[in-house]
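Colleague: Model the following, please.
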Amino acid sequence: MDDKEQEKLLRRYYQYLKLEKNFSPNTIEAYMRDLDKYLIFIKDEGHDMLTVELRDLHSFSALMIDIGISPVSLSRILSGVRSFYHFLVLSDILEVNPTEMLEFPKKPQHLPDVLTVDEIDTIESVIDLSQPEGQRNKAIIETLFSCGLRVSELINLKISNMYLSDEFIKVEGKGSKQRLVPISSKAIHEIDLYFKDRNLLPIPPEYQDYVFVSHRRKKPLTRIMVFIMIKDLVEKAGIKKTVSPHTFRHSFATSLLEGGANLRAIQAMLGHESISTTQIYTHIDTTHLREEILHHHPRNIKN
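Modeller: You can find the predicted model right below:
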């Protein structure tokens, strides 16, 4: 099916939701937005939406889970996809609904929390910049949110792997796998301010290349230090959500997806083990990764 035929079919589906289902404009918009995520995935995979198989739907579900979409959100998205195929069957375009045998994720007892941009700004606002580690902590928060790093990747980040003039950093993830991740201008600004303080510290030669160091110990930060710092800031900010370094990673992926970023680009930037790095980069080059960040991350969206 070519793009014109698909667009015509989507207009018919829109009318179906409006006139036959009598959905509100907001509900229709949500249905169409979720369906668009699925259709982009199908197109990127080289499939036709009229000939997809159950395994293709499973691949889509697995990808959504992999980039951090909650089971509740995934269930909503899959419901929209099922509704669309139900419409195709009613319209005699398809004989069988391929989503009939698709299993929906079970709702967990505790869903991971996601921070809004306003909440992240609130957390940063309680940082005491008069303290030696204040600017460092602000740079950490921005780096976690802007790059979606694991805490282990953050504390092992090297100055020699930062290409700030090109707005990229090289990250070493699980299994020593490296990936290039775009970094926002906001994060770069906070890091530059932090480096003014860091450059005054008498850091031993063996630790000189680490970006984030302890002002007291003159050594790289540990995972526990970052956890404690974030917990303290969240309490001071009065935020009641359960927040850890991973929350910023999850918020990063969620913000990009809600902003319309390509699923494969998010997957590559997160560096998930379940998808081979080689396979990812045959589909997405670093220029496209940077474009996804620049266009869809909230720190780069101009008001």
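Colleague: Helix, strand, or coil at the residue lying farthest from the centre of the chain?
Modeller: Taking Cα atoms, centre = their mean, the residue of the chain most remote from its mean C-alpha position is Asp92, at 37.7 Å. At Asp92 the chain is in coil, as set by DSSP: H, G, I helix; E, B strand; the rest coil.
Colleague: What confidence value was assigned to it?
Modeller: On the pLDDT scale, Asp92 is placed at 92.
Colleague: Now it. Its backbone dihedrals?
Modeller: When read as degrees, to the nearest 10, the backbone of Asp92 gives phi 60, psi 30.
Colleague: which residues in the stretch 101-250 of the chain form helices?
Modeller: Using DSSP state H, counting those that start in this stretch, the helices of the stretch 101-250 of the chain run over 117-125, 134-147, 151-155, 185-198, 223-237, 245-259.
Colleague: which of the ones you listed is buried the deepest?
Modeller: For those, the largest average neighbour count (mean count of other Cβ atoms under 10 Å) is found in helix 134-147, namely a mean of 24. Yep, even glycine has a C-beta here, placed from its N, CA and C like the rest.
Colleague: Now for the closest residue to Lys170 other than its chain neighbours: which residues touch it?
Modeller: Distances taken as Cβ to Cβ, 6 or more residues apart in numbering put Asn161 closest to Lys170, at 3.8 Å, once the chain neighbours are dropped. By Cβ atoms under 8 Å, 6 or more residues apart in numbering, the contact list for Asn161 reads Ile169, Lys170, Val171, Glu172.
Colleague: And Asn161, how far from Thr143?
Modeller: Plainly put, Asn161 is 13 Å away from Thr143 if you go by Cβ to Cβ, to the nearest Å.
Colleague: Kindly report the same for Ser73.
Modeller: Ser73 sits 26 Å away from Thr143, going by Cβ to Cβ.
Colleague: Equivalent analysis for His189, please.
Modeller: His189 is 11 Å from Thr143, by Cβ to Cβ.
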